[in-house]
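Student: The sequence isn't on hand, but the structure is:
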């Protein structure tokens, strides 16, 4: 975007709207939300492991298992998604990013949700759930304003995913409060994240891969977006809709199997094995690789070879967890002037989270060792995000070196 200088008669670039005064934390959307995502990923998992192993009471009348599921899907994950969207949308639209007081208010609403969910009975369950439910509609309204004002109509599908998350959150709360089965809301939320990763992964993974390979004069580049990517997205959406509505049917298994093959071919077309030397790029391919694995496990679950909950956790820990950490580390480096190469701490965090993604579904194969496997997966998760906070926390909190 550009504006006309009345005196000079020349078109000048519109400066980025990063807040240059006030707390550094609220100068750009990725800062508070990525930092909070890392801290809450560790804290919420520690509370859940304590509840399992030591009988800690968490979540009050909401219930410990429901609290854990909710805080992973609508606590940690929404913070990571918000940090990404509030940073990416200005780049898509050319408009000024949300910063300063508006960003602090939005972040405050997210924090309020975490506090009331810790003790939802203190204010009354329904009041607490209403407070917690406010964040996603606000995020949706913020992103919708920017995308519509910027006339980026192709990005409206991002708004659909956020709206699905907001609906799933309200549904999740309502089902818990009324004693219903949260399965439908759970699958809707996970599916929204999987579609977000599928859509945005189709942008960032081949793009970053192409840039890295081109700088090294490697000719065999990722395939550009074409009809095949559209087909993979459409079949993936159909598979997720079937999984949401009729999860235990042959048709769901068949379509999920087709989606697994298409998404496997899609990630193969991006030629990630050529980026072995650059872990910031490689981890994006590995994270996206859990998408076809999750679809495949849903398919084989219909044959009784795997428990459906295993596929759910491939999506949550593998797709959501690994891809969000990959984006958080890369975006933090890219927007704060840090070298665009993975440090030892970043690499260890990737390895730890990949271990968590592999260990968590194994509880379906070895139920007799479920507590041990859950604890090990939880420990790996906390190591991964603890390292993120340790390495990037000081940069997010106080280093004002944004690019662009």
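Tutor: That came in fine, so what should we check first? Since we're looking at a predicted model, the values are computed, not measured.
Student: Residue 345 - how many residues pack around it?
Tutor: As a burial measure, the neighbour count of residue 345 was computed by other C-beta atoms under 10 Å and equals 15. (Glycine included, C-beta is placed from N, CA and C.)
Student: Repeat that for residue 181.
Tutor: One way to gauge burial is a neighbour count; for residue 181, by other C-beta under 10 Å, it gives 9.
Student: And for it, nearest residue in space, chain neighbours not counted?
Tutor: residue 175 (6.5 Å; C-beta to C-beta, 6 or more residues apart in numbering).
Student: quick one, domains of the chain?
Tutor: The domain map for the chain lists 19-180, 194-384, with the assignment taken from automatic domain parsing.
Student: Would you map the helices across the stretch 301-404 of the chain?
Tutor: The residue ranges that make up the helices of the stretch 301-404 of the chain, judged by DSSP state H, counting those that start in this stretch, are 308-313, 323-336, 344-359, 370-398.
Student: Give the other helices and strands that the third one contacts.
Tutor: To tie it back to what came earlier, the one meant is helix 344-359. With contacts taken as 3 or more C-beta pairs under 8 Å, 6 or more residues apart in numbering; DSSP states H and E, helix 344-359 sits against helix 279-301, helix 323-336, helix 370-398.
Student: for those, which one sits closest to residue 123?
Tutor: When the helices and strands packed on helix 344-359 are ranked by distance to residue 123, counting by C-beta to C-beta, first place goes to helix 370-398 at 28.5 Å.
Student: Buried residues, that closest one. List them.
Tutor: Burial within helix 370-398, assessed by neighbour count using 16 or more other C-beta atoms under 10 Å, is assigned to 373-374, 376-389, 391-392, 395-396.
Student: End to end on stretch 94-102, go ahead and measure it.
Tutor: With C-alpha to C-alpha, to the nearest Å as the measure, the first residue of stretch 94-102 is 18 Å from its last.
Student: and it, average pLDDT?
Tutor: In this model, stretch 94-102 has a mean pLDDT of 88.
Student: so the residue nearest to residue 181 sits right up against residue 188, yeah?
Tutor: No - at 11.1 Å, residue 175 and residue 188 do not qualify as touching, with contact defined as C-beta atoms under 8 Å.
Student: quick one, which of the two is more surrounded?
Tutor: Neighbours were tallied for residue 175 and for residue 188 using other C-beta under 10 Å; the higher tally belongs to residue 188 (22 against 17).
Student: Tell me who's in contact with the residue nearest to residue 181.
Tutor: 181, 182, 184, 185 (C-beta atoms under 8 Å, 6 or more residues apart in numbering).
Student: quick one: which of those residues sit in strands?
Tutor: For these, membership in strands holds for none, with DSSP state E as the criterion.
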